[in-house]
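S.K.: okay, here's the prediction I keep looking at, along with the sequence it came from:
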Amino acid sequence: MALILSVLALCAVAAIWFFWRRGSRQRLLPCPASISWLVEMENPLARVTRSAAILRHLDPGTSDCIADIGCGPGRVTIPLARALSAGGEVIALDVQAEMLTKIAAKAEQNGLTNIRLLLCDAREPNLPDGSLDAAVMVMALGEIPDAKRVFPVIHAALREDGKLLVCESVFDPHYVSHKKVVEMAAAAGFVESSHQGNRFAYSVVLQKPSRLSGNLRRQHAARPEKLLSEPQHACGSQK
């Protein structure tokens, strides 16, 4: 009997996973706030999606302005806010008011005053151009229909050389592959900076190139034969 119940439970979980993933392709289906504890757990198999690992990979400046897009109940928002000084700010962006309420309560409990709550669709966040130093999306991208629309708006909101960190895990029913993320990001003008992970999860940092570095790349692509004859020190000072 115990075995039968276990099999039935696994089948139920698989069915929920399948229909949730399928439904999110047609409409916005974020994790309900009533079961937010599911997205608060630090998965031991998906190590790069842990909040501490995300902070190490993003390596934010203490005075940065960072957007946590699809922040949920704040599993990453709160550690980010702790890592910033009084001059830094985390913008917690979510489509569910209940999730933002949970973050507000946690911020008060932890004495954090550098979190700004923003209730909106990630595809239309209304963030001023060049206002962000960095942004993170942790297992949130797949919940958004037509997710490719997210990348151009984040790209515009980031300053030059700003970073977007995307984390995905196969345990999430909305999982988006590394290849797909990089393709959508590249179409918006991002360049992959670094990548970490294993078979269960990955974390990728995408960078918005500065105009100067973009111009240099175009010039180099237009005259490769000259590049071969130029001394190496000619580009040694580039950042």
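M.R.: All right, it came through fine.

S.K.: quick one: classify the spatially most central residue of the chain as helix, strand or coil.
M.R.: Compute the mean C-alpha point of the chain, and by C-alpha atoms, centre = their mean the closest residue is residue 137, 1.8 Å away. Taking DSSP: H, G, I helix; E, B strand; the rest coil as the rule, one finds residue 137 in the strand state.

S.K.: so it makes contact with residue 72?
M.R.: No. The pair residue 137 / residue 72 is not scored as a contact, 11.0 Å apart, by C-beta atoms under 8 Å. (Glycine included, C-beta is placed from N, CA and C.)

S.K.: any idea how far the residue nearest to the centre of the chain lies from residue 206?
M.R.: Distance, residue 137 to residue 206, using C-beta to C-beta, to the nearest Å: 10 Å.

S.K.: any residues in contact with both of the two?
M.R.: Taking C-beta atoms under 8 Å, 6 or more residues apart in numbering as the criterion, residue 137 and residue 206 both touch 164-166.

S.K.: what's the closest of those to residue 198?
M.R.: Using C-beta to C-beta, residue 166 is the member of these that lies nearest residue 198, at 15.9 Å.

S.K.: who's in contact with that closest one?
M.R.: Contacts of residue 166 were listed using C-beta under 8 Å, 6+ apart, and they are 136-138, 141, 181, 185, 203-204, 206.

S.K.: ignoring the adjacent residues along the chain, who's closest to residue 65?
M.R.: Take residue 65 and drop its neighbours on the chain: the residue closest to it by C-beta to C-beta, 6 or more residues apart in numbering is residue 89, 4.9 Å away.

S.K.: looking at this structure, which strand is longest?
M.R.: The strand that spans the most residues within the chain, counting by DSSP state E, is strand 158-169.
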